[in-house]
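**Student:** 3D, please:
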Amino acid sequence: MFETISEKFSAILSPVRDSQTLTEESIDKTLKAVRMSLLEADVNFRVAGDFVEAVRKKAVGSERRKGLTAGQQFVQTVQEELTRFLGTENRGLERKGGGPLRVMTVGLQGAGKTTFCAKLAALELKSGAKPLLVPADVYRPAAAEQLATLARAVGAQFFEPPEGAKPEDICALAGESAAERGVDTVIFDTAGRLHIDAGLMEELKRIDGAVAPGEILLVADAMSGQDAVRAAEGFAEALNISGVVLTKMDGDARGGAALSIRAVTGKPVKFFSTGEKPDDLELFHPERIASRILGMGDMLTLIEKAQTAFSEKEAEKIAKRAEKNRFTLEDFRKSITALEKMGPVESLAAMVPGAGALAGKSGAADKARRSMKTGAAIVDSMTPRERRDHRIINSSRRKRIARGSGTTVAEVDRTIKNFIKMRSVMKKGGGMKMPPA
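**Tutor:** Residues are numbered from 1 along each chain as shown. This next block holds a predicted model:
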């Protein structure tokens, strides 16, 4: 995800990052390269132009921020504007008023709506909600059976549609039964088409009128690039969609849809999917995605993923230590061990600061695994006192640790820096709090 554009941004911004001074000419030259990299990533040309102009206005003639070089301030400006273009913030599903939340999913055929509905139900179950899945696609063969199978797999309730009923009637009946079923979230899986047509839109409008959904989510295939953006524009014109879901983000998509869709439609990207498993669904956090694209990692998401690798008791211990700024190298060592339980290493690479360039490359997983093993070996070579207080690790101790772990002083330095970064993020983010049961 975003590997190509991340590599290009890194190549463009790395020479600039440590510059003490930047001229208007050098800024223009850098932004020209940024614009070209966005266009090559299939970003809408208007969005690319607007983004570059926004960065330029902020960067040229701006007052230097304390403690930053000109280059660092420029990179920070790029990150701020990239976050703004992606949507600034995301709260996921928004519940207003009482009663069950009704979520209507729409999109073209093949975008992955049915699978997304099941993933959203799984996410709701994790948060303690009780979801109901409703099959409103009466055209695709075995569509209802597929949703029923997925509902059983994730443990969600399923609404059995009456034979021969119209889509809007199925949705209305399911909505009426929500209260007596005791569900909190009703998820409607509507039909798709190969392309937007009047018949599809009329049907969706009838369903909208029948159930008055609190959320209308457009499910779009990220691999379709600008086709996804055009589809989003079409649906946004016909329906009051509240957000977009990008699927197949684990494919070879260049990232253009994710970077364009918010700016073009004015609708936020709320979720993105990176695989076929029920857990392969994440909230789309603009600031974290911007950080990944710029090669700065995404430690908060990494920490959230690590929650599931710890027991509740262990997670609470680490959370308390993190909040009191007592997160130690010993805790860091346990976190490294937990990473091995969190799925394919290559899918985590973009979340680790400085490791984003490894994602998608040949041998990336092996390199990432070696990096984790190196970090573990380095901490294992420390004394108990050093693990408790990294501040005492001076030059001579670093040399000893390097010898004992079969590594270099530079690798010891890197491990300690990564630990400090993780500790800082965990303190701000409240540690590794377990999700509600």
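**Student:** What is the least confident helix or strand in this structure?
**Tutor:** Across the helices and strands of the chain, mean pLDDT, DSSP states H and E gives its lowest value to helix 299-306, namely a mean of 58.
**Student:** Quick one: residues contacting the residue sitting nearest the centre point of the chain.
**Tutor:** Central residue of the chain (C-alpha atoms, centre = their mean): residue 284, 4.2 Å from the mean position. By C-beta atoms under 8 Å, 6 or more residues apart in numbering, the contact set of residue 284 is 86, 87, 90, 246, 258, 268, 269, 270, 271, 272. No exception for glycine: its C-beta is placed from N, CA and C like everyone else's.
**Student:** If we use 6 Å, what do you get?
**Tutor:** 90, 269, 270, 271, 272 (C-beta atoms under 6 Å, 6 or more residues apart in numbering).
**Student:** For residue 258, see how far away it is.
**Tutor:** 8 Å (C-beta to C-beta, to the nearest Å).
**Student:** And for residue 205?
**Tutor:** From residue 205 to residue 258 the distance is 28 Å (C-beta to C-beta).
**Student:** returning to that earlier point: pLDDT score for the residue nearest to the centre of the chain?
**Tutor:** We have a pLDDT of 88 for residue 284.
**Student:** quick one: it from residue 56, how far?
**Tutor:** Counting by C-beta to C-beta - residue 284 and residue 56 are separated by 26 Å.
**Student:** got the contact list for stretch 402-422?
**Tutor:** 299, 329, 332, 353, 374, 375, 377, 378, 381, 390, 398, 401.
**Student:** a markdown table for these, including secondary structure?
**Tutor:** Formatted as a markdown table, the contacts of stretch 402-422 follow (DSSP: H, G, I helix; E, B strand; the rest coil):
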| residue | secondary structure |
| --- | --- |
| 299 | helix |
| 329 | helix |
| 332 | helix |
| 353 | coil |
| 374 | helix |
| 375 | helix |
| 377 | helix |
| 378 | helix |
| 381 | coil |
| 390 | helix |
| 398 | helix |
| 401 | helix |
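**Student:** Would you write out the ChimeraX command that picks the buried residues out of these?
**Tutor:** This is the ChimeraX syntax for the buried subset of these, where burial follows 16 or more other C-beta atoms under 10 Å:
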select :299,329,332,353,374,375,377,378,381,390,398,401
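**Student:** ok, of the contacts of stretch 402-422, which one's closest to residue 82?
**Tutor:** Of all those, residue 82 sits closest to residue 353, with 16.6 Å by C-beta to C-beta.
**Student:** what about the chain, any weak spots by pLDDT?
**Tutor:** 1, 67, 250-255, 295-316, 318-319, 323, 339-368, 426-437 (pLDDT under 70).
**Student:** Pipe the contacts of residue 284 into a markdown table and attach neighbour count per row.
**Tutor:** Shown next, in a markdown table, are the contacts of residue 284 (neighbours: other C-beta atoms under 10 Å):
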| residue | neighbour count |
| --- | --- |
| 90 | 18 |
| 269 | 27 |
| 270 | 22 |
| 271 | 23 |
| 272 | 22 |
